[in-house]
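Peer 1: sequence first, predicted coordinates after that:
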Amino acid sequence: MTKVVIVATAATELKGHPTGLWIEELATPYYQFKTAGYEVVVASPGGAAIPIDVNSMAGDFFTDEAKKFMHDGEAVRNLSQPANLDSIDFSSGVDAIFLCGGHGTCVDFVENSALKSAIETLYAADKVVSAVCHGPTGLPQCNKPDGTPLVKDKVVTGFKDSEELAVKLESLVPFMLEAKLKEMGGKYESADDWNSKVCVDGKLVTGQNPQSSEACAAAVISLLS
């Protein structure tokens, strides 16, 4: 059975600003991968509980998939008792990794040796590495087997600098994601703010924002099919 590990943040705040997971970015791919018949493992750094950014449960952000997730006992258990990212053997049996976003990733996806190892191991084995919105925050620390940055010369996207400015958190993030991906040699592409955009370059799949979750997961499924 195809196995996908979805990694979510366990950070509850970013420099005093309450944050966590953007729930739609977990819920949407979770159900897409389940529908595809995959084994889905939800993990977090250290296996700590996954907090939800309350803003992701407001208005149109709280999508049907997100509502379904919050009323699904098995799904909710993944939030309170996720797998420990550090203890998963990514050298055997894992076909893809999917990094979902939320500003919590700006805390525990950065300088995370377990996440770096997982991504590099899968990339070197020609497995699928995917990330959406702030999920790509975990990519700049990673290298290809030849030691060059993972995103160098790769067509990528991620939360756009103008989107970060729009939510007024530019002073709290460790780096502006668009600028960082470009700095690392990535060929950054984007759509207009808050529009879906997904980049696929080989087995690397990235999505720009919450609006890109569904298409990002669909691209992963396409590569795994």
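Peer 2: Received the coordinates, thanks. Since this is a predicted model, take the numbers as computed values, not measurements.

Peer 1: tell me which residues touch V76, please.
Peer 2: If you count contacts by CB atoms under 8 Å, 6 or more residues apart in numbering, V76 has them with 69-70. Any C-beta I mention is one placed from the backbone N, CA and C, and that applies to glycine too.

Peer 1: mind starting the numbering at 17 from now?
Peer 2: That works, and once the first residue is 17, the last one we named lands at V92.

Peer 1: so which helix or strand takes in it?
Peer 2: V92 belongs to helix 89-96 when elements are defined using DSSP states H and E.

Peer 1: centre of the chain to that helix, how far?
Peer 2: Here the centre of helix 89-96 is set off from its chain's centre by 18 Å, with CA atoms, centre = their mean, to the nearest Å.

Peer 1: mind listing what's buried along it?
Peer 2: Within helix 89-96, the residues that count as buried by 16 or more other CB atoms under 10 Å are 91, 94-95.

Peer 1: which residues in the chain form helices?
Peer 2: For the chain, the helices defined by DSSP state H cover 40-51, 80-86, 89-96, 121-124, 129-140, 177-182, 193-199, 229-240.

Peer 1: so which of the ones you listed is the most packed in?
Peer 2: For those, the largest average neighbour count (mean count of other CB atoms under 10 Å) is found in helix 121-124, namely a mean of 26.

Peer 1: next one: the most far-flung residue of the chain relative to its centre from A140, what distance?
Peer 2: Counting by CA atoms, centre = their mean, the extreme residue of the chain relative to its mean C-alpha position is D162, 24.1 Å from that point. For D162, the distance to A140 (CB to CB, to the nearest Å) stands at 10 Å.

Peer 1: before we move on, back to that, and the residue farthest from the centre of the chain, what are its phi and psi?
Peer 2: Main-chain torsions, D162, degrees, to the nearest 10: phi -80, psi 0.

Peer 1: tell me the pLDDT of it.
Peer 2: D162 carries a pLDDT value of 97.

Peer 1: how close does it get to K168?
Peer 2: 10 Å.

Peer 1: try S241
Peer 2: 28 Å.

Peer 1: more neighbours: which of the two?
Peer 2: For S241 versus K168, neighbours defined as other CB atoms under 10 Å are more numerous around K168 (15 against 7).

Peer 1: then the helix holding V92 to CSV, C-alphas only?
Peer 2: This file holds the C-alpha atoms of helix 89-96, laid out as CSV (Å, rounded to 0.1, in the frame of the first residue of the first chain):
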residue,chain,number,x,y,z
GLY,A,89,-12.9,10.8,15.6
GLU,A,90,-10.0,9.0,13.9
ALA,A,91,-8.9,12.2,12.2
VAL,A,92,-9.0,14.3,15.4
ARG,A,93,-7.0,11.6,17.2
ASN,A,94,-4.2,12.4,14.8
LEU,A,95,-4.2,15.9,16.2
SER,A,96,-3.9,14.8,19.9
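
Peer 1: average pLDDT across that helix?
Peer 2: 96.

Peer 1: what angle separates that helix from helix 40-51?
Peer 2: 130 degrees (axes from the mean of the first three to the mean of the last three CA atoms, to 10 degrees).

Peer 1: OK, contacts around T121?
Peer 2: Contacts of T121 (CB under 8 Å, 6+ apart): 25, 27, 115, 150-151, 153-154.
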